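Asker: Sharing a sequence plus its predicted fold:
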Amino acid sequence: MNISSVANAAAPQTGTQAQDQPRVDEEIRQREIQEQEKRDAQKATKTQEATQLETRTQEFVQRSTGATSRLSIEARRETDDFIYRSVNTLTGETYRQWPTEAQLRLRDAQREFTNGGQSSAESGQVVNRTT
């Protein structure tokens, strides 16, 4: 910035400058409105994309588990296991189970063999005392 521009900025406005000021203010206002509209459009696009992603995710889950299924989680206290099942809400039929029945039988057999038929607490694998 040079000295003449500083002097011009400090000098009182002439008639032409005073007449141009409302036009300049209006241009600034219009630019601000356009920028806000652009930001609003970008925000709307992001919201729409998020909604589409959520819809696609829900569709994927419905296709992979079935529209009439729910997740059931069963805790087996005696073995500290969890069993996850995909269950038909209309019929009660189990579609899928994790771990499978065969895996559960194998785990139970391994525990029985390892513990000699005793529970974890009886075999000394669990310590439950207060000192």
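Answerer: Perfect, I can see it now. Numbering: from 1, shown residues only.

Asker: C-alpha only now, for contacts and for neighbours.
Answerer: Noted.

Asker: what is the mean pLDDT for whichever strand or helix holds E49?
Answerer: In this assignment (DSSP states H and E), E49 forms part of helix 15-65. The predicted model assigns helix 15-65 a mean pLDDT of 83.

Asker: With stretch 109-118 instead?
Answerer: For stretch 109-118, the per-residue pLDDT averages 76.

Asker: same thing with stretch 88-104?
Answerer: Stretch 88-104 comes out at a mean pLDDT of 85.

Asker: By neighbour count, which bits of that stretch are buried? Give me those.
Answerer: Neighbour counts over stretch 88-104 (16 or more other CA atoms under 10 Å) mark N88 as buried.

Asker: And for L71, the neighbour number?
Answerer: 15 (other CA atoms under 10 Å).

Asker: R70 too?
Answerer: 17.

Asker: hang on, it in a strand?
Answerer: Yes. Using DSSP: H, G, I helix; E, B strand; the rest coil, the assignment for R70 is a strand.

Asker: Distance check, it against W98.
Answerer: Distance of R70 to W98, given as CA to CA, to the nearest Å: 14 Å.

Asker: what do you get for D108?
Answerer: Taking CA to CA, one finds D108 at 15 Å from W98.

Asker: Same check on S69?
Answerer: 15 Å.

Asker: Noted, bye for now.
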